[in-house]
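>>> any chance you could fold what I've pasted below:
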Amino acid sequence: MLLQQALSFSINMHGLGLLRNEAGKTLKLAGPIILGELAQMALSLIDTAMVGSVSYKQLAAAALVMSVVNIPFVLGIGMTMSVSQMVAMAHGRNDAQKVSHYLYNGFILCSFTAIIISLGLECSKDILFHLKQDPEVAEMAVPFLRIIGISIIPMMLFMTLKQFTDGLEYTRTAMTLSLIALPLNAFLNWLLIFGNWGLPRLELVGAAWGTLITRTLIFLALTFTILKHKTFKRYMAAGRTHWKFSWHTIKELLRIGIPSSLQAGMEVGVFAVSAILVGTIGAVEQAAHQIAMNCAAFTFMVSMGLAQGGSIRVSNAYGRNDWNHILTIGKSSILTALCYGVLCFVIFISFNDFLPMLFNDNVEVVKLASYLLIFAAIFQISDATQAISVGLLRGAKDVKIPTFLVGIAYWVVGLPIGYFLAFNLDMKAPGIWTGLIIGLSLVSIFLSIRFLRLKKHIAITDGMSL
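Reported below is the predicted structural model:
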């Protein structure tokens, strides 16, 4: 009996150690991705803080535009994710020619997608006047939208190349450029928003120009690095024979890209629609909502980085058809997400009164944003675990059913409940956030269970369990 217990304990400790080891590997890969994601999010936070210092109505206008832009933009980013998945699978098989081929066709696909999104935003700019927003806010938002729409093209091209380098597990390259973009964007904002060094004071429009210039420069820098650096030499050399357009390859990319885009689009879409609904209540509510959402989005970037790291590692193992390793990576990643979600909950609860003051000094806005941060704290755990689960499933090319489940949780359950609570029960902005909590929790439960049951017929001999 004692021997049996000792053996059981040894097996469990071995399983725990293996999970810890796999979590460490994922964190090592995801670390630079996380820093890059945080840097990109910080660009938005810099814009928000600097524009918010001009006036809360300009902050509301920026929030309105980002609510409209985020849906098509994230659809485009979802398309770029197909590049990292296919590159990682080919890399797992040590097929440099296929890696190069996926880069070429992925760049063509994502370039076309970016142009379509940008043109679509330009043609639909008048929608800002039909969303029942404050008329002055809508008027301010139009020129901001036009420039931000153009900036989507260099940003998506940068993200496509970033997915290529991430898929090869060279995650530091794009991270470095993303970090360099921070002081550059802040400096351009300082010049253009406030009219320093003799330049015109453009305020909100100045922030848009700063974003466009920054995104263009980091795209050009990453392009030059990939073409010239010795790290990528073998893949560029393979391009001489494998940079050929292929409908078959485009279809492979679309089979992952379209569901990934829909998943990301439905998630960001429900947040964007929520922001628009909050905007119909009033400019103060919209500004407070934007502040709380920016804080939640900042912590979510870490989850996205973890998800991307886990997804790349799963894709690599998938390329080798190593299902035992896939499940081990997944379990360790979900445990990491749980720990991170708890940490974020504690931070938001502890600093909910302080964080809003970093963005605006209007008493009403700060008070409401502080209250909304409590709701943001509550969904941190489910937000982290659902992001990880989406990435893990995508890495194993399981994207169709998860897309359906995401749609049900957000659009059939979460958003309608939020609307009912906000407008029928007069809970206003907190009602919308309650609906978001419900939607995120359902996605987390659905997708975590789905991943843990993936290939459940395969015997796992290491004795591990969550």
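>>> which other helices and strands contact the helix or strand harbouring Leu220?
Secondary structure from DSSP states H and E places Leu220 in helix 204-228. If you count contacts as 3 or more CB pairs under 8 Å, 6 or more residues apart in numbering; DSSP states H and E, helix 204-228 packs onto helix 2-52, helix 56-92, helix 135-167, helix 172-192. For every residue, glycine as well, the C-beta is placed using N, CA and C.
>>> what ranges do the helices span in the stretch 201-350 of the chain?
For the stretch 201-350 of the chain, the helices defined by DSSP state H, counting those that start in this stretch cover 204-228, 233-242, 247-279, 283-319, 323-351.
>>> right, and those helices - which one's nearest Thr80?
helix 247-279 (7.8 Å; CB to CB).
>>> quick one: the closest one to helix 135-167, angle?
Counting by axes from the mean of the first three to the mean of the last three CA atoms, to 10 degrees, helix 247-279 lies at 150 degrees to helix 135-167.
>>> could you shift the numbering so residue one becomes 94, and keep it that way?
That works, and once the first residue is 94, the last one we named lands at helix 340-372.
>>> so which elements touch helix 340-372?
Applying 3+ CB pairs under 8 Å, 6+ apart, one finds that helix 340-372 makes contact with helix 149-185, helix 189-216, helix 376-412, helix 473-488, helix 493-500, helix 508-512, helix 522-545.
>>> tell me the most buried of the helices and strands packed on helix 297-321?
Counting by mean count of other CB atoms under 10 Å, helix 149-185 has the highest mean neighbour count of these, with a mean of 25.
>>> model confidence score at the most centrally placed residue in the chain, please.
Central residue of the chain (CA atoms, centre = their mean): Met397, 5.3 Å from the mean position. Looking at Met397, its pLDDT stands at 85.
>>> and it, what does it touch?
127, 130, 480 (CB atoms under 8 Å, 6 or more residues apart in numbering).
>>> is it possible to get TSV of these that adds pLDDT?
Formatted as TSV, the contacts of Met397 follow (pLDDT from 0 to 100):
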residue	pLDDT
Ile127	83
Glu130	76
Ala480	89
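>>> which of these lies closest to Ile419?
The nearest member of the contacts of Met397 to Ile419, counting by CB to CB, is Ala480 at 17.8 Å.
>>> how many neighbouring residues does the closest residue to the closest one other than its chain neighbours have?
Using CB to CB, 6 or more residues apart in numbering and skipping the chain neighbours, the partner closest in space to Ala480 is Ser396 (4.0 Å). Counted by other CB atoms under 10 Å, the residues lying close to Ser396 total 26.
>>> and the gap between Ser396 and Ile246?
With the distance defined as CB to CB, to the nearest Å, Ser396 ends up 27 Å from Ile246.
>>> tell me which of the helices and strands packed on helix 340-372 is the most buried.
Comparing the helices and strands packed on helix 340-372 by mean neighbour count (mean count of other CB under 10 Å), helix 473-488 comes out on top with a mean of 28.
>>> give the other helices and strands that that one contacts.
Packed against helix 473-488 by the contact rule (3+ CB pairs under 8 Å, 6+ apart) you find helix 149-185, helix 340-372, helix 376-412, helix 416-444, helix 493-500, helix 522-545.
>>> in TSV: those helices, plus distance to Thr206.
Converted to TSV, the helices and strands packed on helix 473-488 look like this (distance: least, CB to CB, whole Å):
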stretch	distance to Thr206
helix 149-185	5
helix 340-372	8
helix 376-412	19
helix 416-444	28
helix 493-500	18
helix 522-545	25
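>>> same list (the contacts of Met397) but as JSON lines, adding distance to Gly171.
As requested, the contacts of Met397 are exported to JSON lines (distance: CB to CB, whole Å):
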{"residue": "Ile127", "distance to Gly171": "19"}
{"residue": "Glu130", "distance to Gly171": "15"}
{"residue": "Ala480", "distance to Gly171": "13"}
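>>> which one of those sits closest to Ala274?
When the contacts of Met397 are ranked by distance to Ala274 (CB to CB), Glu130 comes first, at 12.4 Å.
>>> and the nearest residue to His335 once chain neighbours are set aside, how far from Thr342?
Nearest residue to His335, sequence neighbours excluded (CB to CB, 6+ apart): His194, at 4.3 Å. According to CB to CB, His194 and Thr342 sit 6 Å apart.
>>> do the same with Ile349
Using CB to CB, Ile349 is found at 12 Å from Thr342.
>>> neighbour-wise, which of these two wins?
Set side by side, Ile349 and Thr342 show more neighbours around Ile349, with 23 against 19, by other CB under 10 Å.
>>> surely the more buried one and Val492 touch.
Yes. Between Ile349 and Val492 there is a contact at 6.0 Å, judged by CB atoms under 8 Å.
>>> quick check: neighbours shared by those two?
Listed as contacting both Ile349 and Val492 by CB under 8 Å, 6+ apart is no residue at all.
>>> using PDB, write out every CA atom in stretch 248-261.
This file holds the C-alpha atoms of stretch 248-261, laid out as PDB (Å, rounded to 0.1, in the frame of the first residue of the first chain):
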ATOM      1  CA  MET A 248       0.300  47.500 -39.800                       C
ATOM      2  CA  MET A 249      -1.200  44.400 -41.400                       C
ATOM      3  CA  LEU A 250       1.900  43.900 -43.500                       C
ATOM      4  CA  PHE A 251       4.100  44.300 -40.400                       C
ATOM      5  CA  MET A 252       1.900  41.700 -38.600                       C
ATOM      6  CA  THR A 253       2.200  39.300 -41.600                       C
ATOM      7  CA  LEU A 254       6.000  39.400 -41.400                       C
ATOM      8  CA  LYS A 255       5.900  39.200 -37.600                       C
ATOM      9  CA  GLN A 256       3.800  36.000 -37.900                       C
ATOM     10  CA  PHE A 257       6.400  34.600 -40.200                       C
ATOM     11  CA  THR A 258       9.300  35.300 -37.800                       C
ATOM     12  CA  ASP A 259       7.200  34.100 -34.800                       C
ATOM     13  CA  GLY A 260       6.300  30.900 -36.600                       C
ATOM     14  CA  LEU A 261      10.000  30.200 -36.900                       C
END
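>>> what does that stretch contact?
126, 129, 166, 169-170, 173-174, 176-181, 184, 192, 195-196, 199-200, 203-204, 206-207, 210, 264, 266-267, 270, 308, 311-312, 315-316, 319, 325, 328, 401, 405, 408.
>>> now do stretch 122-133
255, 259, 262, 264-265, 267-268, 271-272, 274-275, 391, 394-395, 397-399, 401-403, 405-406.
>>> low-confidence ranges, the protein, go.
Scanning the chain with the threshold set as pLDDT under 70 gives 94-108, 548-559.
>>> hmm, 50 instead?
Along the chain, segments meeting pLDDT under 50 span 94-104, 550-559.
>>> chain center to stretch 321-336: distance?
Centroid separation between stretch 321-336 and its chain, computed with CA atoms, centre = their mean, to the nearest Å, is 29 Å.
>>> and if you look at stretch 271-284?
Offset of stretch 271-284 from its chain centre (CA atoms, centre = their mean): 21 Å.
>>> stretch 209-227 now?
With CA atoms, centre = their mean as the basis, the distance from the averaged C-alpha position of stretch 209-227 to the chain average is 22 Å.
>>> equivalent analysis for stretch 435-442, please.
The chain centroid and the centroid of stretch 435-442 are separated by 20 Å, computed with CA atoms, centre = their mean.
>>> how about stretch 117-133?
12 Å.
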